[in-house]
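Trainee: fold the stuff below for me.
(2 chains)
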Amino acid sequence: MFRQTLNITALNLRNILSRKGSSSIIVVGIAGVVAVVVGLLSMSEGIESALQETSHPDRVLVMRSGTQDEITGWLSATEVNVLNGMDGIRTVSGELVVVVDLVTRETGKPGVAVARGVEASALEVRPELKLVAGRWFQPGKNELVVGVNAGDTYAGLTLGSRVNFRNKSWAVVGRFDAGGRAHDSEVWMDLPIAQAEFRREGVVSTARVLLDRDSDAAAVGEHIRQDPRLRADLIAEQDFYARQSQARTGMVETFAYLIGAIMGLGAVVAAINTMYSSVSTRLVEIGTLRSLGFSSVPVVVSVMAEALLLALVGGVLGSAAVYLLYDGLASSTLNAGSMSQVGFEFSVTPRLLVIGLSSAVSLGAVGGLLPAVRAARLPVIEALRAN
Amino acid sequence: MSELIRCTNVCKDYVRGAESIRVLRNVDLSVAVGTIVALMGPSGSGKTTLLNLIGGLDAPTSGEIEVDGLRLDSVSARHLARWRVRSVGFVFQFYNLLPVLTAQGNVELPLLLTDLSRSERKRNAALALDIVGLGDRGRHKPGELSGGQQQRVAIARALVSDPRLLVCDEPTGDLDRQTADEILELLQTLHRDLGKTIVMVTHDPKAADHAMVTLHMDKGKLASQDDQAASALPSARTVA
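Mentor: This is a model prediction of the structure:
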């Protein structure tokens, strides 16, 4: 039986080229589905990776209890001082996070960017962040240092230029690369200046805290919760960005799978049609083989193998197209929490390729099954009559 | 001479929707080993249906069919498929060759179902092609061969597993007169030299001339059925 199956399957696969037209319907249909699904998922993967890359294992955020994002949080200067004196904490950076109105470079329309007021400690808690051009802002001056993506996303943020917001003119004096793309979309300024300009004197949004290497984040978190002077919670940076990305990528992924399901349905119908047509054109061949003594199982396998092979080719083409066109492509998305843009790169990861290929094979299997069963159940003489 | 085919009271109905159509009516037939039988009759008379039953491609609605010692009406489809491999060779009107395979590959097909080694399969297929006069065309694909040559390849495929019975459905139906005569000559040679029993459905009176026995069918019955069944034995009929 195995040899029969192998022989008939090989025979059928050799035949595919003679049915180029109908075979290409499956290939193109499934390539389209895979391209759309993998493309959308690569966007979601890119956003997630942009946010996750920002995180550092020893770094945590201390936020007002109950707040979900940095913009809506607030901590008093006293609370930041309390944190500074706590066991297990190496450095604390109180930061004010606000949004500023800028013009997006791509559309020329108004957009918002995240602005972060920081002090020198911000660099101590982020050793990976490097100045790549210009200089850092001087304390007490309306100067900006912008993330590498922010300069590309918003107009007027080139080094040496000036930009207006909050009725002030701000000089862009430097560019930094955070190595993590969430910060790279931000503009940074002196904390006291930010507090003054945004009328948040004595207040920061969150504290970015670098823990001692040997300290336990959970224990520090417990101290914070227990301390009557604080009304704040500790959240690992990784968890914070995971939560942030989940909200955004969840929507993209739902959309990807929804569109994928609708297109997949179309592709399956096309595949079923194509395979029915393939079986129809092979009726005499199937009838002849059956009359010679070949059983129906190899016929089923040969039809399924054809559908799966065509689907796989579609999957590979779709994945390859997305990889070549989108992988690494820079884009930005709106952060629903801050209404600001977050830069990211489409990321076609091996995991997505596996999802794409397995979706393709599944569509092929579903598309091939009914025609295969029909081919197997067809009485020999009926197949021979197709002549 | 011993009997190779025996049909007893064979009926065949086809069901189309709610309607049941009887295409064979109480057919009795006996064919001796080494006979060439021509089945003739108008379209729809049931001759191809009878041929399919004898070849084990279909099952009768009622009655008994015994071919080469096996009761075809009482075995499973799987058993029947295995039986066909070694006991019967098929020749079709339109040759039914697989276009992607060479002549040699087409002839080898039935041998894929046997335990023969690859080299044995190649040798036997080459021998079968030699017998039909196409020993030098093994590497050609069907598209590169004439209709007559394609039918010769199909006959080689029917022969290759050395069955005792060849069933041929309009073997000359798609060929010109001269090529048809050559094919009929070839079938006669197979009968004469290899002792094959051949049952063929044909509309061609010249094909019938090559048969030892001609059976006429009409409306699902063998015409003058009682006499014909007996006369199918070569002892009861003059060899053409």
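Trainee: use CA for all of it now, contacts and neighbours both
Mentor: OK.
Trainee: in contact with residue 70, which residues?
Mentor: Picking chain A for this. A:Glu70 makes contacts with A:63, A:97, A:205-206, as judged by C-alpha atoms under 8 Å, 6 or more residues apart in numbering or on different chains.
Trainee: could you dump those residues to a markdown table with secondary structure?
Mentor: A markdown table is the format used below for these (DSSP: H, G, I helix; E, B strand; the rest coil):
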| residue | secondary structure |
| --- | --- |
| A:Met63 | strand |
| A:Val97 | strand |
| A:Ser205 | coil |
| A:Thr206 | strand |
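Trainee: top of those residues by neighbour count?
Mentor: Neighbour tally across the contacts of A:Glu70 (other C-alpha atoms under 10 Å in any protein chain shown): the maximum, 27 neighbours, falls on A:Val97.
Trainee: tell me the pLDDT of the residue nearest to that one when sequence neighbours are not counted.
Mentor: Spatial nearest neighbour of A:Val97, excluding adjacent residues (C-alpha to C-alpha, 6 or more residues apart in numbering or on different chains): A:Arg116 at 4.6 Å. pLDDT recorded at A:Arg116 is 95.
Trainee: which strand or helix spans A:Arg116?
Mentor: Assigned by DSSP states H and E, A:Arg116 belongs to strand A:110-118.
Trainee: okay, now the unreliable bits of the chain?
Mentor: Picked chain A for this. Residue ranges of chain A with pLDDT under 70: A:1, A:51-55, A:180-181, A:245, A:247-248, A:332-343, A:387.
Trainee: meant chain B actually
Mentor: By pLDDT under 70, the low-scoring segments of chain B are B:1, B:224-240.
Trainee: and it, which residues reach chain A?
Mentor: By the rule C-alpha under 8 Å from any C-alpha of the partner chain, the part of chain B lying against chain A is B:52, B:57-58, B:78, B:81-85, B:89-90, B:94, B:96-98, B:100, B:110, B:112-113.
Trainee: please pick the buried ones from those.
Mentor: The neighbour count (16 or more other C-alpha atoms under 10 Å in any protein chain shown) marks B:52, B:57-58, B:81-85, B:89-90, B:94, B:96-98, B:100, B:110, B:112-113 as buried among the residues of chain B next to chain A.
Trainee: cross those against strands and list the overlap.
Mentor: B:89-90 (DSSP state E).
Trainee: hmm, back to that, beta partners of the residue nearest to A:Val97?
Mentor: When bridges are called by DSSP bridges, A:Arg116 pairs up with A:Val97, A:Trp188.
Trainee: my read: it touches A:Ser185, true?
Mentor: No. Here A:Arg116 does not reach A:Ser185: they are 10.7 Å apart, not a contact under C-alpha atoms under 8 Å.
Trainee: hmm, who's touching the helix ranked longest in chain B?
Mentor: The residue-count maximum for a helix in chain B (DSSP state H) belongs to helix B:177-194. For helix B:177-194, the external contacting residues (C-alpha under 8 Å, 6+ apart) are B:34-36, B:132, B:148, B:151-152, B:171-173, B:196-198, B:207, B:210.
Trainee: just the buried ones among these, please.
Mentor: Neighbour-count burial (16+ other C-alpha under 10 Å) applied to the contacts of helix B:177-194 gives B:34-36, B:132, B:148, B:151-152, B:171-173, B:196-198, B:207, B:210.
Trainee: in helices, which of those appear?
Mentor: Short answer: the buried ones among the contacts of helix B:177-194 in helices (DSSP H) are B:148, B:151-152, B:207, B:210.
Trainee: so what's the closest residue to chain B within the stretch 151-300 of chain A up against?
Mentor: Of all residues in the stretch 151-300 of chain A, A:Gly293 sits closest to chain B, at 4.4 Å by C-alpha to the nearest C-alpha. By C-alpha under 8 Å, 6+ apart, A:Gly293 lies in contact with B:81-85, B:110, B:113.
Trainee: returning to that earlier point: tell me the one of the ones in helices among the buried ones among the contacts of helix B:177-194 nearest A:Asn142?
Mentor: Checking these against A:Asn142 with C-alpha to C-alpha, the nearest one is B:Gln151 at 93.9 Å.
Trainee: tell me how far the closest one lies from B:Val132.
Mentor: 10 Å (C-alpha to C-alpha, to the nearest Å).
Trainee: and B:Arg121, by the same measure?
Mentor: Separation of B:Arg121 from B:Val132 (C-alpha to C-alpha): 17 Å.
Trainee: A:Ser185 too?
Mentor: 81 Å.
Trainee: can you pull out the strands in the chain?
Mentor: Let's take chain A. Going by DSSP E, chain A shows strands at A:59-64, A:75-76, A:89-103, A:110-118, A:130-134, A:143-147, A:162-165, A:168-177, A:187-190, A:203-204, A:206-211, A:232-236, A:330-335, A:340-345.
Trainee: the intended chain is chain B.
Mentor: Under DSSP E, chain B gives strands at B:3-16, B:19-32, B:36-40, B:62-67, B:70-71, B:88-91, B:165-169, B:197-201, B:213-218, B:221-222.
Trainee: any chance of CSV for the ones you listed, columns distance to A:Glu70?
Mentor: Shown next, in CSV, are the strands of chain B (distance: least, C-alpha to C-alpha, whole Å):
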stretch, distance to A:Glu70
strand B:3-16, 74
strand B:19-32, 78
strand B:36-40, 92
strand B:62-67, 85
strand B:70-71, 86
strand B:88-91, 81
strand B:165-169, 84
strand B:197-201, 88
strand B:213-218, 93
strand B:221-222, 93
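Trainee: I'd assumed A:Val284 was in contact with A:Val380.
Mentor: No. Under the criterion of C-alpha under 8 Å, A:Val380 is not in contact with A:Val284, lying 9.1 Å apart.
Trainee: my guess is A:Leu131 meets A:Arg175, correct?
Mentor: Yes. Using C-alpha under 8 Å, A:Leu131 is in contact with A:Arg175, at 5.9 Å.
Trainee: ok, the two, which is more surrounded?
Mentor: Legend: neighbour count by other C-alpha under 10 Å for A:Leu131 and A:Arg175, higher for A:Arg175 (27 against 16).
Trainee: out of everything not next to it in sequence, what's closest to B:Asn52?
Mentor: Using C-alpha to C-alpha, 6+ apart and skipping the chain neighbours, the partner closest in space to B:Asn52 is B:Asp58 (5.8 Å).
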